[in-house]
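**Student:** Quick one, what's the 3D model for this:
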Amino acid sequence: MQMDRMSRKFAPAAAFVMAVATSMAAAQTVPSAASLLRFYPTRLASTPIGAAEDQDVWLAKVQGLMVGAPPLLQQSLLMSQTPQEFAANVALLQQMQEATAKQSVARIQSQLQNGVATKKIPGASSGTGKTPQQ
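**Tutor:** Just a heads-up that it's a prediction; the model follows:
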């Protein structure tokens, strides 16, 4: 019982620490802007049609694509020699992100259909009107 209360108090703090650590790790692996900016303004899937995207926004989007990519694909993007190679590598990274998002949605839908997401948490009291954070 005491452990459950402590877990509820420290879970948000632990999640915050993990988020900060992940952000710091990602920031350390973000590639140099100079190697990417030579291909600005290659169109990205998230770029609105007919819009001219700000250089900083474009760079942040490309770096965001790279953060979750395997090192080999990151290197492939950085080593692009032509705009066509760069565009092909960006398209591959975008397809990977889309596939990952679709898998996540499918997993969540499956959990909802199986009732996993609606099960009660063991040890949680009901009828108090309080959330675990309170």
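
**Student:** The nearest residue to residue 87 once chain neighbours are set aside is in what secondary structure piece?
**Tutor:** In space, and not counting its chain neighbours, residue 87 is closest to residue 42: 5.4 Å by C-beta to C-beta, 6 or more residues apart in numbering. (Glycine included, C-beta is placed from N, CA and C.) Residue 42 is part of no helix or strand when elements are defined by DSSP states H and E.

**Student:** and if you look at the one 5 residues further on?
**Tutor:** Taking DSSP H and E as the criterion, residue 47 maps to no regular element, lying outside all helices and strands.

**Student:** In this structure, where's the longest helix?
**Tutor:** helix 83-113 (DSSP state H).

**Student:** ok, and for it, which residues are buried?
**Tutor:** Going by neighbour count (16 or more other C-beta atoms under 10 Å), the buried part of helix 83-113 is 86, 89-90, 93, 97.

**Student:** what helices or strands is it leaning on?
**Tutor:** Counting contacts by 3 or more C-beta pairs under 8 Å, 6 or more residues apart in numbering; DSSP states H and E, helix 83-113 is packed against helix 55-67, helix 71-78.

**Student:** and the last one, average pLDDT?
**Tutor:** For helix 71-78, mean pLDDT rounds to 93.

**Student:** which residues touch that helix?
**Tutor:** 29, 31, 35-36, 62, 66, 69, 86, 89-90, 92-93, 96 (C-beta atoms under 8 Å, 6 or more residues apart in numbering).

**Student:** Show me which pair in these is furthest apart.
**Tutor:** 35 and 96 (20.1 Å; C-beta to C-beta).

**Student:** one step back: contacts only, for the residue nearest to residue 87.
**Tutor:** Contact partners of residue 42, counting by C-beta under 8 Å, 6+ apart, are 83, 86-87, 90.

**Student:** and what of residue 37?
**Tutor:** By C-beta under 8 Å, 6+ apart, the neighbours of residue 37 are 55, 59.

**Student:** How much space separates it from residue 62?
**Tutor:** Per C-beta to C-beta, to the nearest Å, residue 37 is found 9 Å from residue 62.

**Student:** Equivalent analysis for residue 96, please.
**Tutor:** Applying C-beta to C-beta, the value for residue 96 to residue 62 is 14 Å.
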